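>>> Next come a sequence and a model predicted from it.
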Amino acid sequence: MSASGDLSEALRQWVADEIGDPLATISGVRRTSAGFSRENWVFDASWTEGGQSRQAALIARRDPEGSVLATDRKIETGVLRALQDTPVPSPRLRWVDLDGTRLGRPALVMDVAEGICDGFVLAGGTPAEDRLRLAQELYDRLADIHLLDWQALGLADVLDDPGERAALVALEHWESELRRVQLEPEPELELVTHWLRSQAPENAVTTVVHGDFKAGNVLLVGDLMHDVGAATVSAVLDWETVHLGDPREDLGWVTNPLRAREHRVPGAWEPADLLARWIERTGLSAEPEAVHWWSVLANLKLSAIVLSGSRAFVDGRLDRVHQAPIGIYRLMLDMIGA
Amino acid sequence: MRPDVSEQLDGLRRILESVVAPELADPYPIDILAGVCATLETLSSGWQLVPGFLQWDAEMSAALLRQVITSDVELDGALHERVRAVVLEDPPDATNLPALQARHVRVRQALADVMPVVMERDELRGLRTYLAAHLRERAERYPLKAVWRPAGAPKD
């Protein structure tokens, strides 16, 4: 089911069945370019409910034939449902098809949340003080994720608790991913994983970890052209890699020097500023050595994601070429002082 | 051999950008085509360097492996034999690309296999410095280098 026409009819049938209106219609089905790990199809649905005409802008996210990231749709949807009544804004999940009956592969349908996604909004040309305020708004939402009471939300039924071994569990996971996807020997990664194993920190607390927090995974409402400092986060997106673990994992991800253009406002919002505000808001600790370890792991994870893309391309399952992540290898050598 | 390989790759990219791209409307094919054009550019500038790079990287790595097996550190028997075989191999002819690729994989695999020993043994501390220097230079010389850019990132 690759033709968009077939997909449109399958989507329409799915909407009609869920709504209970066999005459429900959909229009404007198109695949967006956003998202490397899922197919995203946006569309408008119209139906009649209780004699009233209804409309909604929806997005279907379907597992692709090839992806740069293998994730579990059951976990993602379980977390999205749990987040609905929390301070963490997230898209409204409508329907889930875990076994792929509806669209040929596992998929979910969500409301298109209000707001604009701009992954490089902090690097924009607006005044630095405005971008600083936006950065604080953004990373306060990350702190809110870490403050979620995951046990009270019932997330222990959906997510595994790695306990104080979160770092080693994460390392084992990404090493396993590397072994699964790599097309050729990668001595650099052997070197880095050896360092990571020898330096892995223990975590004092276990929290929800987003796993890919960035401006490119949130929606903002407000006037981004003229008053970016007043913009607010309307939704945190892409919960594909959510898990329980060490909150410093997300801190290592957002302070990764490779992603500086996405996460920093030069001279105004540097990693030290981010960590200080996060510590103040959460009351948790963020030892620089531990955050650094997680930042190195973030690059190992990115290497695995790129190599996964290379594998999927060679196998004919992905429409993008991923060259070897040689620049990331070089950065990791610098970061571990090799 | 005109148009040569680079000229053909550059020409294909020009056709895709000037003839095909303007006809596209949906964001997904536009995005994918941009990636195809970027890859053609990478190949055009890098393909000529590939054989030389494979040969250089393999022989530099083999030299590091030679230092491991001639050191006082004793490797596991099977690993020692595998490394020794790679070190004693004659390098292939520089024009034989499949042979260069095959040797390159064997040497890199041996280097990956000895990495835990190199990282742990004090006797190999000096070698670790050379190893890191080689891996850095390798990153500099890598011929098919795409600048890693997050989705949606503006070009520099």
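Happy to help now that I have it.
>>> Isn't A:R165 up against A:P201?
No. Counting by Cβ atoms under 8 Å, A:R165 stays clear of A:P201, with 10.3 Å between them. In this view, the C-beta of every residue, glycine as well, is placed from N, C-alpha and C.
>>> Compare these two (neighbour count), which wins?
Counted by other Cβ atoms under 10 Å in any protein chain shown, A:R165 and A:P201 do not tie: A:P201 has more neighbours, with 18 against 15.
>>> What residues of the worst-scoring helix or strand of chain B on mean pLDDT count as buried?
Least confident element among the helices and strands of chain B, by mean pLDDT, DSSP states H and E: helix B:27-46 (a mean of 91). If you call a residue buried by 16 or more other Cβ atoms under 10 Å in any protein chain shown, then helix B:27-46 has these buried ones: B:28-29, B:31-34, B:36-40, B:42-44, B:46.
>>> same question, stretch A:309-323
Neighbour-count burial for stretch A:309-323 [16+ other Cβ under 10 Å]: A:G309, A:S310, A:R311, A:A312, A:F313, A:L318, A:D319, A:R320, A:V321, A:H322, A:Q323.
>>> For the longest helix seen in chain B, enumerate the helices and strands it packs against.
Scanning chain B for the longest helix, with DSSP state H as the assignment, gives helix B:97-120. Where contact means 3 or more Cβ pairs under 8 Å, 6 or more residues apart in numbering or on different chains; DSSP states H and E, helix B:97-120 is packed against helix A:187-199, helix B:50-69, helix B:77-88, helix B:125-141.
>>> Report the buried residues of the longest one.
Within helix B:50-69, the residues that qualify as buried are B:50-51, B:53-55, B:57-58, B:60-62, B:64-65, B:67-69, counting by 16+ other Cβ under 10 Å.
>>> Can you tell me which of those lies closest to chain A?
B:S61 (7.8 Å; Cβ to the nearest Cβ).
>>> can you pull the contacts of that closest one?
Listed by Cβ atoms under 8 Å, 6 or more residues apart in numbering or on different chains, the contact partners of B:S61 are A:P187, B:V107, B:R108, B:A110, B:L111, B:H134.
>>> Report the buried members of these.
Buried among the contacts of B:S61 (16+ other Cβ under 10 Å): A:P187, B:V107, B:R108, B:A110, B:L111, B:H134.
>>> Now render those residues as CSV, adding distance to A:W95 and pLDDT.
Below are these laid out as CSV (distance: Cβ to Cβ, whole Å; pLDDT from 0 to 100):
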residue, distance to A:W95, pLDDT
A:P187, 46, 97
B:V107, 52, 97
B:R108, 47, 98
B:A110, 52, 96
B:L111, 50, 97
B:H134, 53, 97
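>>> hmm, back to that, excluding its own residues, what touches the longest helix of chain B? List them.
With Cβ under 8 Å, 6+ apart as the criterion, helix B:97-120 contacts A:184-187, A:189-191, A:194-195, B:50-51, B:54-55, B:57-58, B:61-62, B:64-65, B:68, B:73, B:75, B:79, B:82-83, B:86, B:89, B:91-94, B:124, B:127-128, B:131.
>>> Low-confidence stretches in chain B?
B:147-156 (pLDDT under 70).
>>> Quick check: residues of it near chain A?
Residues of chain B found near chain A (Cβ under 8 Å from any Cβ of the partner chain) are B:26-28, B:30-32, B:35-36, B:39, B:42, B:61, B:105, B:108-109, B:111-112, B:115-116, B:119-120, B:128, B:131-132, B:135-136, B:138-140, B:142, B:144-148, B:150-154.
>>> ok, 6 Å please
For chain B, the contact set with chain A under Cβ under 6 Å from any Cβ of the partner chain comprises B:26-28, B:31-32, B:35, B:39, B:105, B:108-109, B:111-112, B:115-116, B:119, B:132, B:135, B:139, B:142, B:144, B:146, B:148, B:152.
>>> in the stretch 101-250 of chain A, which spans are helices?
A:128-147, A:166-181, A:187-199, A:248-254 (DSSP state H, counting those that start in this stretch).
>>> Near chain B, which residues of chain A? Just list them.
Counting by Cβ under 6 Å from any Cβ, chain A sits next to chain B at A:30-33, A:119, A:184-185, A:187-188, A:190-191, A:194, A:216, A:319-321, A:323, A:326-327, A:329-330, A:333, A:338.
>>> Residue for residue, what is the longest helix chain A has?
helix A:288-314.
>>> For that one, give the mean pLDDT please.
What helix A:288-314 shows for mean pLDDT is 95.
>>> tilt between the following helix or strand past it and helix A:187-199?
Downstream of helix A:288-314, the next assigned helix or strand under DSSP states H and E is helix A:326-335. Here the directions of helix A:326-335 and helix A:187-199 differ by 40 degrees (axes from the mean of the first three to the mean of the last three Cα atoms, to 10 degrees).
>>> tell me the angle of helix A:326-335 relative to helix A:288-314?
Going by the same axes, to 10 degrees, helix A:326-335 makes 160 degrees with helix A:288-314.
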